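# Sequence first, then the predicted structure:
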Amino acid sequence: MLDNLTIEEKIGQMLMFGTNSSNIEPICNLIKNYKIGGVILYKKNYSSYNEMLEVIKKLKNANKDNKLPLFIAIDQEGGVVNRLPNDIENIKNIYDVSKKDNIDLIKEHADIISNILYNSGINMNFSPVLDIYNNSNSSVLNKRCFSDNVEKVSLYGSIYMNEIKKNGIISVVKHFPGHGITKLDSHYFLPFVFNYKKILNREIIPFENAISEECEAIMVSHLIIRKLSGLLPCSISKRFITKYLREMYNYNGLVITDDLRMKLVDLIFGKLSLKKVFLSGSDIVLLKYKENDENIFKMLYRYANNKDVINNINECVLRIINIKDKYNIANFNCQNISTNDINSVINNYNLLI
């Protein structure tokens with residue numbers, strides 16, 4: 001399959017777009033014209049569950065003539081990060097569930113979400129959060145973390161990840177190497193971490209455990225860690241992704257950047273961040289759609305004209321092909337389950353907010 005793809009199609013596979021709008025036609029056009037490999041759903045894309053299903057069908061229909069199936073991704077953690085429409089009941093923050101120290105409840109939380117996603121035609125979830133909760137940075141992570149205890153985050157995080165995988169959803173753990181260390185929200189700032197030893201001795205431990213448990217996809221954060229990533233955010237640093245994540249941990253799963261359109265990353269690095277990613281060892285670039293984004297592809301086509309870039313692209317796309325094949329994502333189709341049926345199942349688990 002890799003040999004059957006043009007360089008333009010390979011570049012498309014490494015890009016995942018989303019839009020905070022009910023108008024998804026620009027995304028459909030990117031799928032048709034530039035063969036992008038994935039889409040991330042946001043709550044503003046639909047106002048009801050039926051509308052969400054229609055959006056997913058439109059996206060897949062736009063991809064029908066392309067050579068590879070489409071990642072349909074979502075950030076569905078439950079609680080404060082809830083991307084499902086309002087007619088689907090929300091469930092508790094994972095932090096509140098974890099306080100009960102009941103592994104069955106952790107599994108149930110993962111089961112509810114992953115089964116809803118699978119039956120809706122979604123095949124990838126940016127979850128679980130493996131950052132460590134810290135009261136001083138509650139505005140950043142709120143109750144999205146499992147615990148402030150490293151051992152609990154490691155144990156519960158891996159159990160949750162494996163439960164998602166078991167239910168046929170690609171689990172993307174986040175935010176490597178540990179956003180819990182900073183008080184700053186990388187949506188608006190560029191967190192600069194000086195205490196890299198704390199990262200290595202504490203924050204990264206749940207991710208190390210997930211990798212040992214055959215983690216298949218990792219989202220890398222925009223932290224700048226001078227000793228590990230140089231003067232670049234980890235998300236676009238070859239030194240960090242290739243030399244640290246891939247080589248030190250012998251990790252050969254997917255690496256996905258956090259959204260490169262987050263405010264300061266976009267402002268400071270702009271299009272340079274895209275070029276950096278294509279040599280960094282990251283497989284998928286996450287981007288919030290902007291008008292005239294078609295120019296990105298023209299720039300990347302010109303950029304992919306040397307052996308190093310092409311070799312890196314081939315390695316990345318091979319990993320993408322492998323996981324799309326493993327999860328057979330072409331067959332993820334909506335099961336037409338009613339909202340009443342879904343809410344009835346959620347109520348039975350007694351995990352409502």
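On my side now, so go ahead.

# And the pLDDT for the most centrally placed residue in the chain?
The C-alpha lying nearest the average C-alpha coordinate of the chain belongs to F126 (Cα atoms, centre = their mean; 3.9 Å). Note for F126: predicted pLDDT of 98.

# burial of N33, as a residue count?
By the criterion of other Cβ atoms under 10 Å, N33 has 12 neighbours. No exception for glycine: its C-beta is placed from N, CA and C like everyone else's.

# sorry, back to before: is it correct that the residue nearest to the centre of the chain is in contact with S221?
No. Shown here, F126 and S221 do not form a contact pair, counting by Cβ atoms under 8 Å, at 11.9 Å.

# Find residues that contact each of the two.
K174 (Cβ atoms under 8 Å, 6 or more residues apart in numbering).

# was I right about K288 contacting D259?
Yes. Between K288 and D259 there is a contact at 5.7 Å, judged by Cβ under 8 Å.

# So for these two, which residue has more residues nearby?
D259 (20 against 16).

# Not counting its neighbours along the chain, what's nearest the more buried one?
L286 (4.8 Å; Cβ to Cβ, 6 or more residues apart in numbering).

# How about the secondary structure of that neighbour?
Three-state call for L286 (DSSP: H, G, I helix; E, B strand; the rest coil): strand.

# Quick check, pLDDT for it.
pLDDT recorded at L286 is 94.

# So it versus R246, what's the distance?
Here L286 is placed at a distance of 19 Å from R246 (Cβ to Cβ, to the nearest Å).

# So for those two, which residue has more residues nearby?
Under the criterion of other Cβ under 10 Å, the comparison of L286 against R246 puts L286 first, with 24 against 18.

# quick one, what contacts that one?
Applying Cβ under 8 Å, 6+ apart, we find L286 in contact with M16, G18, I40, M219, I256, T257, D258, D259, L260.

# now swap in D65 and tell me
Per Cβ under 8 Å, 6+ apart, neighbours of D65: K32.

# That one belongs to a strand, doesn't it?
No. Counting by three-state DSSP, D65 is not found in a strand; it is coil.

# any idea how far M52 is from it?
The gap separating D65 from M52 is 24 Å, by Cβ to Cβ.

# swap in D131?
27 Å.

# try Y46
From Y46 over to M52 (counting by Cβ to Cβ), the distance is 4 Å.

# Common neighbours of these two, please.
Common contacts of Y46 and M52 (Cβ under 8 Å, 6+ apart): P85.

# quick one, which of these two is more surrounded?
Using other Cβ under 10 Å as the criterion, Y46 and M52 rank with M52 on top: 24 against 21.

# How far away from the center of its chain is whichever helix in the chain runs longest?
If you go by DSSP state H, the chain has its longest helix at helix 307-326. With Cα atoms, centre = their mean, to the nearest Å as the basis, helix 307-326 stands 17 Å off its chain's centre.

# What of stretch 91-101?
21 Å.

# nearest residue to I346 other than its sequence neighbours?
What sits nearest to I346 in space, not counting adjacent residues and going by Cβ to Cβ, 6+ apart, is E89, at 4.6 Å.

# Which parts of the stretch 51-200 of the chain are helices?
In the stretch 51-200 of the chain, the segments counted as helices under DSSP state H, counting those that start in this stretch are 94-98, 103-120, 138-141, 150-166, 196-198.

# Could you export those as a markdown table, including distance to R83, mean neighbour count and mean pLDDT?
Formatted as a markdown table, the helices of the stretch 51-200 of the chain follow (distance: least, Cβ to Cβ, whole Å; neighbours: other Cβ atoms under 10 Å; pLDDT from 0 to 100):
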| stretch | distance to R83 | mean neighbour count | mean pLDDT |
| --- | --- | --- | --- |
| helix 94-98 | 15 | 22 | 95 |
| helix 103-120 | 10 | 20 | 96 |
| helix 138-141 | 17 | 16 | 61 |
| helix 150-166 | 15 | 21 | 98 |
| helix 196-198 | 31 | 13 | 78 |
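
# who wins for proximity to H179 among those?
helix 138-141 (6.6 Å; Cβ to Cβ).

# Strands of this protein, start to end?
Counting by DSSP state E, the chain has strands at residues 15-18, 38-41, 71-74, 124-125, 170-171, 173-176, 192-193, 217-220, 224-225, 254-257, 285-288.
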